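K.L.:
here is a sequence together with a model predicted from it:
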Amino acid sequence: MHIINIKQWMHRSSYARSILRKVDIFHLQRVLVQETHDYIDYWRSQGKAVVVDWDDNYGRIDSENAAKKFWLDGMVEVSIDGGVTYDAKLDPHPLKQFEEGLRHCTAGITPSHVMLGDYNKDTPVFTIENYLDARLYHSARKHNNDPCVVLGYGASLSHTKGLRQSGLHDALRQMLQERDNVRLLIVGDERLVKQLPVRRDRVWFSPYTSWWTWQKTLKRYDIGLAPLSGDYDDRRSSLKVAEYLMSGLPFVATKSPVYEKMWHVDSGRFVKPGHDKESYDERVEDWYSSTIDIIDNIEDYRERAKDNIMKEGMKYSVDENVDAIIGVYKEIIELER
């Protein structure tokens with residue numbers, strides 16, 4: 001495998017050509033802007049398969065999402081000399097460029113089985129999970145020696161709506177008011193902390209970290225949280241619960257189609273899905289009672305979680321899925337022949 005800069009690929013530098021002649025398939029990550037379409041066509045005319053991967057349904061992004069400016073409004077920030085920046089409207093719209101780009105590609109890859117039906121009218125679409133490097137998760141040691149039970153959640157601002165509408169917002173407020181021995185650890189964007197309706201002295205924050213040290217932060221959790229809400233969230237990957245299983249952590253998650261293959265797992269609780277106002281109180285109560293059940297029976301759930309590392313977590317090990325991954329690429333290459 002060779003990794004090259006997208007600009008080298010587009011401009012076919014001598015270095016890039018020396019590599020690209022040898023390959024059977026090109027894998028692009030999301031870069032389906034208008035400028036890449038002709039290059040995709042060129043390499044396919046040379047008998048090369050071109051596949052693109054993406055991990056969100058950008059057309060379902062809502063107005064609260066941090067990526068709204070680009071994917072909904074079609075705006076991009078332009079910088080010119082002197083440090084001056086301004087917003088420019090893209091034409092065609094980014095979604096149109098992306099969807100047109102799919103029609104140029106041999107196939108697409110997404111980690112979400114739910115998204116297969118969203119895009120397969122434009123090109124054949126395959127699923128490859130967001131698999132994990134088991135060695136990183138198994139070598140990280142539990143280092144939370146605090147007597148408190150730590151609820152952990154790592155997220156960007158794109159998770160704001162799901163966190164609130166899932167019912168977890170108000171369930172956290174209730175739990176942190178009632179239980180002196182419970183703390184919440186938010187990892188990622190500190191602005192999430194400011195939006196929570198909870199006492200600040202009960203919330204800890206840890207900033208984004210590199211992928212190869214993230215597992216040490218994850219092991220500060222006692223219980224992992226995975227709230228989802230609505231059609232956009234239902235098209236995310238199963239990464240969060242996969243990480244909890246790989247790390248031997250009890251968890252509470254929304255019973256979303258994202259996690260369908262995990263619903264049977266006994267080291268966590270899956271709570272009522274939805275984003276409607278009518279069943280909001282039920283979702284809050286489900287989050288509250290499910291999380292409290294694990295808190296009150298933490299040692300039992302820890303034992304189950306430890307047992308599930310090998311039984312369930314290793315299903316998401318990249319090393320255990322090499323043949324399946326290679327099989328997908330072989331199938332895509334055959335489409336080009």
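P.N.:
Perfect, I can see it now. Residues are numbered from 1 along each chain as shown.
K.L.:
with just CA atoms, put stretch 276-283 into PDB.
P.N.:
Listed next in PDB are the C-alpha coordinates belonging to stretch 276-283 (Å, rounded to 0.1, in the frame of the first residue of the first chain):
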ATOM      1  CA  ASP A 276     -39.700  13.000  19.300                       C
ATOM      2  CA  LYS A 277     -40.900  15.200  22.100                       C
ATOM      3  CA  GLU A 278     -43.800  12.900  23.100                       C
ATOM      4  CA  SER A 279     -41.500  10.100  24.300                       C
ATOM      5  CA  TYR A 280     -38.700  12.300  25.600                       C
ATOM      6  CA  ASP A 281     -39.500  11.700  29.300                       C
ATOM      7  CA  GLU A 282     -39.400   8.000  28.700                       C
ATOM      8  CA  ARG A 283     -36.000   8.200  27.100                       C
END
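K.L.:
who touches that stretch?
P.N.:
Contacts to stretch 276-283, defined as CB atoms under 8 Å, 6 or more residues apart in numbering, come from residues Gln165, Ser166, Gly167, Val271, Lys272, Pro273, Gly274. Placement of C-beta: from N, CA and C, glycine included.
K.L.:
same check on stretch 293-313?
P.N.:
Under CB under 8 Å, 6+ apart, the answer for stretch 293-313 is 134, 137-138, 149, 175, 179, 182, 222-223, 242, 244-252, 262, 265-269.
K.L.:
so which of the residues you listed sit within helices?
P.N.:
Residues of these located in helices (DSSP state H): Ala134, Tyr137, His138, Met175, Ala242, Tyr244, Leu245, Met246, Ser247.
K.L.:
out of the residues you listed, who's nearest Pro124?
P.N.:
Ala242 (25.0 Å; CB to CB).
K.L.:
quick one, strands of the chain?
P.N.:
Using DSSP state E, the strands of the chain run over 25-29, 49-53, 75-80, 84-89, 107-110, 125-127, 149-155, 182-188, 203-207, 223-226, 251-254, 268-271.
K.L.:
and the last one, how far out from the chain's middle?
P.N.:
Averaged C-alpha coordinates place strand 268-271 at 19 Å from its chain's average position (CA atoms, centre = their mean, to the nearest Å).
K.L.:
same question for that strand, mean pLDDT?
P.N.:
The pLDDT scores in strand 268-271 average 98.
K.L.:
what are the pairing partners of it, and which direction each?
P.N.:
Its sheet considered, strand 268-271 pairs with strand 251-254 (parallel) by DSSP bridges.
K.L.:
run through who's touching the partner strand.
P.N.:
For strand 251-254, the external contacting residues (CB under 8 Å, 6+ apart) are 162, 166, 223-229, 233, 240-241, 244-245, 259, 262, 267-273, 287, 290-291, 294, 305.
K.L.:
list the buried ones in it?
P.N.:
Under the neighbour-count criterion of 16 or more other CB atoms under 10 Å, strand 251-254 has Phe251, Val252, Ala253, Thr254 buried.
K.L.:
so how far is Ser18 from the first one?
P.N.:
Put plainly, it is Phe251. In this view, Phe251 and Ser18 are 47 Å apart by CB to CB, to the nearest Å.
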